[in-house]
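Student: sequence unknown, structure follows:
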Ligand SMILES: C[S@@+](CC[C@H](N)C(=O)[O-])C[C@H]1O[C@@H](n2cnc3c(N)ncnc32)[C@H](O)[C@@H]1O
């Protein structure tokens, strides 16, 4: 059984720290998201940035022309995100929502998860899969970036092999592709990551 990981108090962290200092902060569009959108020829539609945090990816998707919703469990992250979107004149629907008990009632062409899934303990993962599956349209995509089993630093979120991802999401999603990559952010050495394209069955 894998080691139980200590993770931040998500509701507090955005009250106590500047988002720009967080390990996962990436001001630009995630390079793997950008590549996947091109490869899948996705140029418009409804996109959910799940666990939006600093909201950089929701903003990038909106700038590309997607109709974007951004959710996070943290009220502080959502209120910061709303302020930034307003300053930029972007119409993004930011809402507080817990993906393990989501109250969203719509579906999306794309759900992008950059670093949310990998914070959940083993016993929470099937709640995640069920909730996220309800949010993706049939034939829509879950684009998932998580830490890779190749990452060896002691701290941080859970890590996964491509096979584990396929098994966890089986029944709801087909794993179309997995690439070895890094999780760009503020760390000197970027953590090793997987970028997974999961198609809703
Ligand atoms: C590693 S951060 C990544 C943030 C953002 N996706 C990015 O790439 O900058 C993980 C995010 O997931 C959010 N989160 C944690 N648990 C959640 C839950 N149950 N429902 C929704 N969001 C959650 C955290 O508040 C945090 O913003």
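Tutor: Structure's in. What do you need? Everything numeric in this text was worked out from a predicted model, so none of it was measured.

Student: for this protein, what lies in contact range of the ligand?
Tutor: For the chain, the residues in contact with the ligand (C-beta under 6 Å from any ligand atom) are 10, 24, 51-54, 56-57, 71-74, 77, 98-100, 114-116, 119. Where C-beta positions appear, they are placed from N, C-alpha and C, glycine not excepted.

Student: please redo it, this time with the cut-off set to 5 Å
Tutor: 10, 24, 51, 53-54, 72-74, 98-100, 114-116 (C-beta under 5 Å from any ligand atom).

Student: which other residues reach whichever helix in the chain runs longest?
Tutor: Of all segments of type helix in the chain, defined using DSSP state H, the longest is helix 75-88. Helix 75-88 is contacted from outside by 11, 14-15, 19, 52-55, 58-59, 62, 70-72, 91-92, 94-96, using C-beta atoms under 8 Å, 6 or more residues apart in numbering.

Student: mind redoing it with 7 Å?
Tutor: Counting contacts by C-beta atoms under 7 Å, 6 or more residues apart in numbering, the residues outside helix 75-88 that touch it are 14-15, 19, 52-53, 55, 58-59, 70, 72, 92, 94-96.

Student: per-residue pLDDT of the nearest residue to residue 194 once chain neighbours are set aside, please?
Tutor: Using C-beta to C-beta, 6 or more residues apart in numbering and skipping the chain neighbours, the partner closest in space to residue 194 is residue 148 (4.7 Å). Predicted confidence (pLDDT) for residue 148: 98.

Student: residues in contact with residue 148?
Tutor: With contact set as C-beta under 7 Å, 6+ apart, residue 148 has these partners: 159-160, 180, 192-194.

Student: buried only: go through those residues for me.
Tutor: By neighbour count, with 16 or more other C-beta atoms under 10 Å, the contacts of residue 148 hold 159-160, 192-194 as buried.
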